[in-house]
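Q: please find the sequence and the predicted model below.
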Amino acid sequence: MYTAKTSSKGQIVIPKEYRDKLGIKAGDRVGISVIGEHVEIYLLPENPVEALCGIFSEGSSLVDALMEERRKDKEHEDRLLGS
């Protein structure tokens, strides 16, 4: 676990090990969510529209698409927690 000190503007540095693990590069956009009493930071796709394009193509269902997204989220959470 790393700790970070906030600047007067509330800024922190994401440790290099975590940036490398998530593929975060200078200029990338990240999402930030408050989950209970902690903050979650995650890499956003460069082109969100393109990233979602085709997920509901013919033959797939909304349930299948949501289950696939949840599976990806779970893998992401497991990587972050080191499981």
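A: Nice, I can see it. Note that the structure is a prediction, hence the values are computed from the model and not measured.
Q: all contacts plus neighbour counts: C-alpha atoms, from now on.
A: OK.
Q: residue ranges of each domain in the chain, please.
A: Domains of the chain are assigned by automatic domain parsing as 1-44, 46-83.
Q: redo those as TSV? Include mean pLDDT and mean neighbour count.
A: TSV is the format used below for those (pLDDT from 0 to 100; neighbours: other C-alpha atoms under 10 Å):
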stretch	mean pLDDT	mean neighbour count
domain 1-44	92	10
domain 46-83	75	11
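Q: what about the helices in the protein?
A: For the chain, the helices defined by DSSP state H occupy 16-22, 48-52, 62-81.
Q: right, so of those, which gets closest to E40?
A: helix 62-81 (9.9 Å; C-alpha to C-alpha).
Q: show me what that closest one packs onto, helices and strands only.
A: Contacting helix 62-81 under the criterion 3 or more C-alpha pairs under 8 Å, 6 or more residues apart in numbering; DSSP states H and E is no other helix or strand.
Q: just the CA trace of that helix, in PDB.
A: This file holds the C-alpha atoms of helix 62-81, laid out as PDB (Å, rounded to 0.1, in the frame of the first residue of the first chain):
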ATOM      1  CA  LEU A  62     -28.400  -6.500 -22.800                       C
ATOM      2  CA  VAL A  63     -28.000  -9.100 -20.000                       C
ATOM      3  CA  ASP A  64     -25.000 -10.700 -21.800                       C
ATOM      4  CA  ALA A  65     -23.400  -7.300 -22.300                       C
ATOM      5  CA  LEU A  66     -23.900  -6.300 -18.700                       C
ATOM      6  CA  MET A  67     -22.600  -9.600 -17.400                       C
ATOM      7  CA  GLU A  68     -19.400  -9.200 -19.600                       C
ATOM      8  CA  GLU A  69     -18.900  -5.600 -18.200                       C
ATOM      9  CA  ARG A  70     -19.300  -6.900 -14.700                       C
ATOM     10  CA  ARG A  71     -16.800  -9.700 -15.300                       C
ATOM     11  CA  LYS A  72     -14.300  -7.000 -16.600                       C
ATOM     12  CA  ASP A  73     -15.000  -4.800 -13.500                       C
ATOM     13  CA  LYS A  74     -14.500  -7.800 -11.200                       C
ATOM     14  CA  GLU A  75     -11.100  -8.600 -12.900                       C
ATOM     15  CA  HIS A  76     -10.200  -4.900 -12.500                       C
ATOM     16  CA  GLU A  77     -11.100  -4.900  -8.800                       C
ATOM     17  CA  ASP A  78      -9.200  -8.200  -8.300                       C
ATOM     18  CA  ARG A  79      -6.100  -6.700  -9.900                       C
ATOM     19  CA  LEU A  80      -6.300  -3.600  -7.800                       C
ATOM     20  CA  LEU A  81      -6.700  -5.600  -4.600                       C
END
